[in-house]
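Undergrad: Below are the sequence and a predicted model; questions follow.
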Number of protein chains: 2
Amino acid sequence: MTKLTRAALAERDARDPLAKFRGDFVLPDGVLYFAGNSLGALPRAAETRVAEVVAQEWGQDLVRSWNKHGWIDMPLRVGAKLAPLIGARANEVAAADSTSVNLFKLLASALKLRPGRKVILTEDLNFPTDHYIMQGLTRLLDGGCEVRTAPAEQIIGAIDETVAVVTLTEVDYRTARRHDMAAVTRAAHQHGALVLWDLSHSAGVVPTDLNGCGADLAVGCGYKYLSGGPGAPAFLFVAERLQDELEPPLAGWMGHAAPFEFSTDYRPAGGIARNLCGTPSVLGMAALEAALDVIAKAGIAAIRRKSVEMMDAFIALVEQECAGLDLEIVTPRDADLRGSHVALRHADGYPVMRALIARGVVGDFRAPDLIRFGITPLTLRHTDLWDAVAILRETLAGRTWDTPEYHSRAAVT
Amino acid sequence: MTKLTRAALAERDARDPLAKFRGDFVLPDGVLYFAGNSLGALPRAAETRVAEVVAQEWGQDLVRSWNKHGWIDMPLRVGAKLAPLIGARANEVAAADSTSVNLFKLLASALKLRPGRKVILTEDLNFPTDHYIMQGLTRLLDGGCEVRTAPAEQIIGAIDETVAVVTLTEVDYRTARRHDMAAVTRAAHQHGALVLWDLSHSAGVVPTDLNGCGADLAVGCGYKYLSGGPGAPAFLFVAERLQDELEPPLAGWMGHAAPFEFSTDYRPAGGIARNLCGTPSVLGMAALEAALDVIAKAGIAAIRRKSVEMMDAFIALVEQECAGLDLEIVTPRDADLRGSHVALRHADGYPVMRALIARGVVGDFRAPDLIRFGITPLTLRHTDLWDAVAILRETLAGRTWDTPEYHSRAAVT
């Protein structure tokens, strides 16, 4: 393999069809931002849109904005804009609540769709809050369900006729290892189980094909690769064929068939809308919608192409520049098997990441020993990869991370 | 009673200690805004604060803002600012999710605290989404609970040893009729039941004394009298004595004892924090926090005093100016028995409110026949009451509401 140079990477930037989108985001000076997998950068359009919603729609038009400015339609309108990124139809996605709350809704609904089956099957190392939600639901139902766990590579073998629903996060938040959605979904359906995908670490950068693989249910996060802003509304997907069978456990007024009738009897809306609950966060929806418009303009296929190219380059640079510096590359080399961040193992990952951040390379750390670099194609240049790895090399080679200051705190977020 | 005049009301404005706070809100020209009980007006500080959070904290400081700008503490910090408005201690309130989601959490928790009891007792005409949430929980638990309803005045008599929790909205959204929190709470406790108050139509204008009356649980809305913005985070209250006994059904990472340990085992945080679930809406929290700071400056006691004075004046003006015009005043005359909106019954309430809105008097309509006027002491002047009632009189006397245009739509929000 030929050696990568900064000049070669600069050439890639020069002919990058997505390069112009960088200007659509606010990026602080002096920072190489590799944490867009944790909190996506601010789209300039989101800043403008939020200001407009506050000043004009809330400030001037007040309560009339629910109709006049379509606030009431935001959950479904934003959902429809999200749909093409995850292989869903426009009427199969809604933006609402948090990922955790949405996971609860759809897990509870899935159990009702498979009476007589009690098992929720998941990966032993699934994202923590997914585990917490399953544990909370299990306690609540008090014998009505149980959680079975298996290592990632043994999930398919663990599916049997007792399983009501298999729930997995497509892209692992530690390693970026990706599940085979089609294979897992097929296996689940062979045993009569449903599948619920958590696309938190996929949506906006890894195009998934929910309908292509026959998936039943999905949830995901709005503030990572989607750049919807801190605590942005999350989303949920229900395949059209199942929508009218769901019994929402969180039956709020936004999911009612006629919310403005003020009847005291719950009557679920048809379609995806019944999975809405309370009043949507209008400011959060406005920011997320603006971010989705930028992603749509760039195109998810082009974003994925650049992500793969950058991931390959980052991994190659680490091998080329950081050999012998005690790093282990834990992210899969095969692009089909991974998402869009690079995880490196280092025994002193925590102080290493602190030292990198101090030099402007903002990634993050996940216990016990992983440093992560999120690859966000709309905001990162190819040369940023070079510059970040150069600083990584200097930091490791010079052991500049090994100071009490960098060892001192409990968490890097 | 002496006749009220516009001059007398102007005099009240001149000596109103809260008059200066009107300038802290954005209010559109040509509008008399009586829908602050549905969506509170925009505090100027909220506009500034949201812009700062977007531009500086999200845009420039990015993911580091979770610590640097205290995003992670927002749910409890905002909760602590809310506490004095509802008679709670700072560590008893959190801002989170929507009212509907919070109601679900606390109802499910309450049932777990009273094993062997299955009944949720509520008012037959409680707020619709409260009913929907109870019905959804009942379906989910499949025999694990049931809802019993009674008319408002028969609630106390309907409490017995089968009741796990009594849940009521303190101020009725139609009539503004107020429950006696102390009496209901006392009766519930005598029978070993818990009480969960929905303060959506109280918080920010009617000071409640949750601890003074020994209440157990409460929820409420952030975007009505609190002026936290459209779809603002809601809140929940758990009395300190119960906090560590609760088993949260929505067990998300924000309620974990150590969210950044990324353990897959749920361990609830101590105190109120365990009732948090997913990542908070930072933009929504920022707006709500700014609004609470304005309310704190004005003082809830002064707000209540002005609310009572304005409610009395509005009702007196309707009697004085609109006699014989087919209006029935359904809001209680006794200030102790009501919240802060005036509800008037008119057989053609819907087109009447449409006609009022066309003339700049923005109230709202609730089926089948109520028109509502929210009294928000920080944004309304005493003379606004006169001007609104004058337009009401002209509209009714001239029957200007009786046109096909005003009859034509399905809902006024």
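TA: Perfect, thanks for sending it.
Undergrad: OK, contacts around the residue nearest the centre of chain A?
TA: The residue lying closest to the centre of chain A (C-alpha atoms, centre = their mean) is A:S200, at 2.3 Å. Residues in contact with A:S200 (C-beta atoms under 8 Å, 6 or more residues apart in numbering or on different chains) are A:99, A:127, A:169, A:173, A:219-221, A:224. Just so you know, the C-beta spots here come from the backbone N, C-alpha and C atoms, and that holds for glycine as well.
Undergrad: and what of A:R117?
TA: For A:R117, the contact set (C-beta under 8 Å, 6+ apart) comprises A:111, A:161-164, A:192-193.
Undergrad: can you check A:G23 too?
TA: By C-beta under 8 Å, 6+ apart, the contact set of A:G23 is A:R44.
Undergrad: Helix, strand, or coil at it?
TA: Per DSSP: H, G, I helix; E, B strand; the rest coil, the local secondary structure of A:G23 is helix.
Undergrad: so where's chain A uncertain?
TA: Low-confidence segments of chain A (pLDDT under 70): A:1, A:409-413.
Undergrad: how does it look with 50?
TA: Applying pLDDT under 50 to chain A flags the ranges A:411-413.
Undergrad: any idea which strand is longest in it?
TA: strand A:163-169 (DSSP state E).
Undergrad: Can you tell me which helices and strands that strand packs against?
TA: helix A:99-113, strand A:119-123, helix A:128-141, helix A:181-190, strand A:194-198 (3 or more C-beta pairs under 8 Å, 6 or more residues apart in numbering or on different chains; DSSP states H and E).
Undergrad: Rebuild those as TSV, extending it with distance to chain B and mean neighbour count.
TA: Below are these laid out as TSV (distance: least, C-beta to the nearest C-beta, whole Å; neighbours: other C-beta atoms under 10 Å in any protein chain shown):
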stretch	distance to chain B	mean neighbour count
helix A:99-113	4	26
strand A:119-123	10	24
helix A:128-141	3	23
helix A:181-190	19	18
strand A:194-198	12	26
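Undergrad: A:L32 versus A:R177, what's the distance?
TA: Remark: distance between A:R177 and A:L32 (C-beta to C-beta, to the nearest Å) = 25 Å.
Undergrad: ok, and the residue lying closest to A:G192 once chain neighbours are set aside, which helix or strand is that part of?
TA: Nearest non-adjacent residue to A:G192, counting by C-beta to C-beta, 6 or more residues apart in numbering or on different chains: A:E161, 6.4 Å away. Under DSSP states H and E, no helix or strand contains A:E161.
Undergrad: Which one of the contacts of A:R117 is nearest to A:F365?
TA: Top of the list for closeness to A:F365, among these and by C-beta to C-beta, is A:V163 at 34.6 Å.
Undergrad: Could you verify my assumption that that closest one touches A:G116?
TA: No: contact criterion C-beta atoms under 8 Å: A:V163 and A:G116 do not qualify, at 11.5 Å.
Undergrad: who has more neighbours, these two?
TA: Using other C-beta atoms under 10 Å in any protein chain shown as the criterion, A:V163 and A:G116 rank with A:V163 on top: 21 against 7.
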